[in-house]
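Student: Provided below are the primary sequence and the corresponding predicted coordinates.
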Amino acid sequence: MKYWKNIATDIWEYNDEIRMPAGIWFTIRSIAIRLANGDLWLHSPCNFPNEGLQELKTLGNVRYIVAPNAFHHLYVPKAALDFPEAEVWCAPKVLKKQKDLKNSAILSSEVPWANEILTLPLQGLRMVEESVFFHKKSQSFICTDFVFNVYEFKNLQTKILMTLVGANQKFAQGLEWRLLVKERNLIAQNTAHILGWDFKRIIMAHGRVLETRNIRDQFADTTAWIRKGHEHLLLEK
Ligand SMILES: [Fe+2]
């Protein structure tokens, strides 16, 4: 396989780069998960070249396409055209931004793949509307912008931006999340809920897949500020 790389049981990644305003470049990852019946669940589709699409088709039949937050939707309409049989599931704002997706469903915990991949729409945040996921079979926690793990920068302005948000060459939650919090108790409950998942790997959209022995401690540390004053939530689990 040239484009899709297997990273865990039944999970493949596709890596690309995307240019943002002001010459910022981000690496960006799509993932495909093969469900028990052989169908594929496609998270945050990139602009796949034809050959990448053909490879994806060899992995299974794309049944679900997921636009996991209000910002990761650019190539979802293209994926919907490439896989017309697939259901599209989106963050609510994506439906306003992408008019062609009006037949899509809104992500919630009640999704058809819930037996295999848990879905948690993060609450208490402004703008971002991110849903995060737990793939039970591979014990993978899947998120989009919620954490970064970026070590390679294409240019100086990208490195400067990542330094400013506190995520220069380390596993970290960008400082911008502090501005996104509207109701701390809700997002605190969500992160406590994530820590109840028995994950051994974090797959995020930007940066290296993280797989370390103390991974849940690392996630707990980087999100501890969210639960400050709400630490009892962990004890209640
Ligand atoms: Fe992103």
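Tutor: Right, received. Where do you want to start?

Student: Excluding sequence neighbours, find me the nearest residue to T191.
Tutor: Counting by C-beta to C-beta, 6 or more residues apart in numbering, the nearest residue to T191 once its immediate chain neighbours are dropped is T223, at 4.6 Å. From N, CA and C alone the C-beta is placed, and that goes for glycine too.

Student: Now name the helix or strand holding D217.
Tutor: Taking DSSP states H and E as the definition, D217 sits inside helix 215-222.

Student: what packs against that helix?
Tutor: For helix 215-222, the contact count by 3 or more C-beta pairs under 8 Å, 6 or more residues apart in numbering; DSSP states H and E identifies strand 171-172, helix 184-195, strand 201-203 as packing neighbours.

Student: tell me what the first one is packed against?
Tutor: Other elements packing on strand 171-172 under the criterion 3+ C-beta pairs under 8 Å, 6+ apart are strand 148-149, helix 215-222.

Student: For the residue nearest to T191, grab the count of nearby residues.
Tutor: The local packing of T223 (other C-beta atoms under 10 Å) involves 20 other residues.

Student: confidence score at it?
Tutor: Listed pLDDT for T223 reads 97.

Student: which ones are touching it?
Tutor: By C-beta atoms under 8 Å, 6 or more residues apart in numbering, the residues touching T223 are 173, 191, 194.

Student: again, 10 Å this time
Tutor: Going by C-beta atoms under 10 Å, 6 or more residues apart in numbering, T223 touches 146-147, 173, 177, 187-188, 190-192, 194-195.

Student: any weak-confidence spans in this protein?
Tutor: 236-237 (pLDDT under 70).

Student: Strands of that one, residue ranges please.
Tutor: Here the chain has its strands, by DSSP state E, at 4-8, 11-19, 25-34, 39-43, 61-67, 87-90, 105-106, 117-121, 131-135, 140-142, 148-149, 171-172, 201-203.

Student: Of all the residues in stretch 4-18, which ones are buried?
Tutor: The neighbour-count check on stretch 4-18 (16 or more other C-beta atoms under 10 Å) flags 4, 7-8, 10-14, 16, 18 as buried.
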